[in-house]
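1. pasting the sequence and the predicted coordinates here, then a few questions.
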Amino acid sequence: MSKRDRAARAKDAADDTTTDSVGELEGRDDVEGAGTGSDELRPSGKRSSRRRSSTSASNTDSETDSGTGSAVAVKERKKKAAAGESRNPFVRIWVFLQQVVAELKKVIWPTRREMITYTIVVLIFVVIMTAFISGLDLVFAKGVLWLFG
């Protein structure tokens, strides 16, 4: 499971718990009860024990990361390490090339018009800077000849 999948699953779980809490609040008519219920929605800076217990209850493996992480994360790290670290150099090169292609598919490539515009801007900048530095060189050369004769 990739980071994106885990993030989506965590977001869905958070949305479900938020929807449940809001549904409980909407059913109340008294203002005082709604005020105490809204405190549950406000973050306290600590993880709720209810959520942690549901996460740890769903993990039935005996492998845990010393109580700070889930067994799922530990399993995924071991799987990635086993799959990603092959002794065969050709396999490693193949995996690397697959990852390069995957990353290049994520790139937002400029259009032809944008590429032409960027090229023209760079060329104009190079011409201006070359003229500026050549002018400074000429001025300093004349200054040195005038000063030291």
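-> Now that the structure is in, tell me what you want to look at. Numbers count the residues shown, from 1 in each chain.

2. okay, now the unreliable bits of this structure?
-> For the chain, the stretches with pLDDT under 70 are 1, 16-85.

3. the helices in it, which residues?
-> Assigned by DSSP state H, the chain shows helices spanning 3-26, 31-41, 49-58, 71-84, 89-106, 112-148.

4. on contacts alone, who are the packing partners of the fifth one?
-> Spelled out, it's helix 89-106. Packing partners of helix 89-106 (3 or more Cβ pairs under 8 Å, 6 or more residues apart in numbering; DSSP states H and E): none among the helices and strands. No exception for glycine: its C-beta is placed from N, CA and C like everyone else's.

5. list the buried residues in it.
-> Residues of helix 89-106 include none that count as buried (16 or more other Cβ atoms under 10 Å).

6. kindly export it (C-alpha atoms) in CSV.
-> Extracted in CSV, the C-alpha atoms of helix 89-106 (Å, rounded to 0.1, in the frame of the first residue of the first chain):
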residue,chain,number,x,y,z
PRO,A,89,22.7,-5.5,-10.6
PHE,A,90,20.6,-5.9,-13.7
VAL,A,91,17.5,-6.1,-11.5
ARG,A,92,18.5,-3.0,-9.7
ILE,A,93,19.1,-1.1,-12.9
TRP,A,94,15.7,-2.3,-14.3
VAL,A,95,13.9,-1.2,-11.1
PHE,A,96,15.7,2.2,-11.3
LEU,A,97,14.7,2.7,-15.0
GLN,A,98,11.1,1.8,-14.1
GLN,A,99,11.1,4.4,-11.3
VAL,A,100,12.6,7.0,-13.7
VAL,A,101,9.9,6.4,-16.3
ALA,A,102,7.2,6.6,-13.5
GLU,A,103,8.6,9.9,-12.3
LEU,A,104,8.9,11.3,-15.8
LYS,A,105,5.2,10.5,-16.4
LYS,A,106,4.4,12.8,-13.4
